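> when you get a sec, could you give me coordinates for this:
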Amino acid sequence: MTSIPWKPERELEIVAGTPSGGGLDRAARALLGAIESMRLLDVPVRVNNVPGDGARKCWAYLDRRAGDPHVVSISSVNLTTDHLLGAAPFQHERAFTPLAILYTEYIAFVSRSDSALQTGTDLLARFAGSAASTAVALSTSLGNPNHIALAKVIRHAGGDVRAPKIRVFDSALDAVADALAGNADVAAITAASAVKELAAGSMRALAVSAPQRLAGIYADTTTWQELSVDCVIGAWRGVTGARGITAEQIRFWAELLAAATAAEEWKAELARHYWTAIPLTGGPLWDYLERERAGMRAVLDELGLLKAQDGS
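Below you'll find the predicted structure:
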């Protein structure tokens, strides 16, 4: 890292809004590992899990740390969708300081290996004929990319996007467990979240929302695009600071994140978790968030979930 005017004076804290093993926690620990492997700091860094309420407890925690550059949170598209849903008072760009987007995770649709749903085509047929009798497990909150991916698939099938019985969990791991227990017919979760069950043969991947097939255990899993379904969507993960931090402090974090994500350890984590790098900072990051807000507003309006009407 180059010499900059501000340096941390005490321990740095990376806050994750999911329990240990959840999507936001995986991002936090991968980032921590890359920072430590590169020996980038003279102060310690720790991960602090503040799960609950679809990661909103984490955002509330960060909101209470206004002006403190020693704490950042792993952020996600939920910061946009929660505000539009009226589920949280925090608008990402106003309540906090967006620092970076690091990568996106594509959505996998998985079912029990003994389910009648064996392929993406089977799921399309189910949604076309009896969407209302289908239970779907999702992680974090309604209106997130998992839910939007589900809506895109149902809409293609000709079903009612509001018909399925949606079961929402704080962690994608819990959503997978719910489907494995037979409570949900299918889980729509980030791809890394079902790797253990897929490897054990207890779950089957039906389709993924990636633009092309994923590697590894998903190599034989079709994409929705291959089935002519307009469903290419991922759940990005980024880093957000507290509101009110200075330009020098923002620059410190930008340089730290750039150095950490150049580490071989970070690149290995990308491959291991089926993450696709989309590094964005500065102006391109803010432009992306603005375009995303407009796109999400349109989709959530279609789903009948839009609450924010103030142009924010």
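
> help me confirm that residue 10 is found in a helix?
No. Looking at residue 10 with DSSP: H, G, I helix; E, B strand; the rest coil, it is coil, so not inside a helix.

> and residue 232, how many neighbours?
Residue 232 has 17 neighbours, counted by other CB atoms under 10 Å. Every C-beta, even on glycine, is put in place using the N, C-alpha and C of the backbone.

> what values do phi and psi take at it?
phi -120, psi 100 (degrees, to the nearest 10).

> equivalent analysis for residue 16, please.
In this entry, residue 16 is assigned phi and psi values of phi -120, psi 130 (degrees, to the nearest 10).

> ok, now which ones touch it?
Counting by CB atoms under 8 Å, 6 or more residues apart in numbering, residue 16 makes contact with 22, 24-25, 27-29, 47-51, 58, 73-74.

> minimum pLDDT in those, which residue is that?
Of all those, residue 22 has the smallest pLDDT value, namely 84.

> so it is in contact with residue 172, correct?
Yes. The pair residue 22 and residue 172 passes the contact test of CB atoms under 8 Å, sitting 6.6 Å apart.

> picking up where we left off before, which of the contacts of residue 16 count as buried?
By neighbour count, with 16 or more other CB atoms under 10 Å, the contacts of residue 16 hold 22, 24-25, 27-29, 47, 49-51, 58, 73-74 as buried.

> quick one: which of those is nearest residue 277?
Closest approach to residue 277 among these (CB to CB): residue 27, at 12.3 Å.

> give me the element that closest one is part of.
helix 23-38 (DSSP states H and E).

> can you pull the contacts of residue 63?
So residue 63 contacts 90, 95, 96, 242, 243 (CB under 8 Å, 6+ apart).

> distance-wise, check the third one relative to residue 277.
In other words, residue 96. 22 Å (CB to CB, to the nearest Å).

> same check on the fourth one?
Here the criterion is CB to CB. By it, residue 242 lies 25 Å from residue 277.

> tell me which of those two has more neighbours.
For residue 242 versus residue 277, neighbours defined as other CB under 10 Å are more numerous around residue 242 (22 against 12).

> now the helices for this structure?
Secondary structure of the chain, counting by DSSP state H: helices at 23-38, 56-63, 78-85, 92-95, 120-130, 145-157, 172-180, 195-200, 247-260, 264-272, 282-302.

> any chance of those in CSV, plus distance to residue 11?
CSV is the format used below for the helices of the chain (distance: least, CB to CB, whole Å):
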stretch, distance to residue 11
helix 23-38, 12
helix 56-63, 16
helix 78-85, 25
helix 92-95, 24
helix 120-130, 46
helix 145-157, 32
helix 172-180, 28
helix 195-200, 32
helix 247-260, 14
helix 264-272, 21
helix 282-302, 26
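
> next, work out how far apart the closest residue in space to residue 35 that isn't next to it in sequence and residue 215 are.
Using CB to CB, 6 or more residues apart in numbering and skipping residues adjacent in sequence, the residue nearest residue 35 is residue 260, 4.9 Å away. Distance, residue 260 to residue 215, by CB to CB: 23 Å.

> just the pLDDT at the residue lying closest to residue 136 once chain neighbours are set aside, thanks.
Using CB to CB, 6+ apart and skipping the chain neighbours, the partner closest in space to residue 136 is residue 164 (4.9 Å). Note on residue 164: pLDDT of 93.

> ok, so of the buried ones among the contacts of residue 16, who is nearest residue 177?
Each of these was checked against residue 177 using CB to CB; the closest is residue 22, at 12.2 Å.

> isn't the residue nearest to residue 136 up against residue 131?
Yes. With contact defined as CB under 8 Å, residue 164 counts as touching residue 131 (5.4 Å).

> looking at the two, which is more packed in?
Using other CB under 10 Å, the more surrounded residue of residue 164 and residue 131 is residue 164, with 24 against 19.
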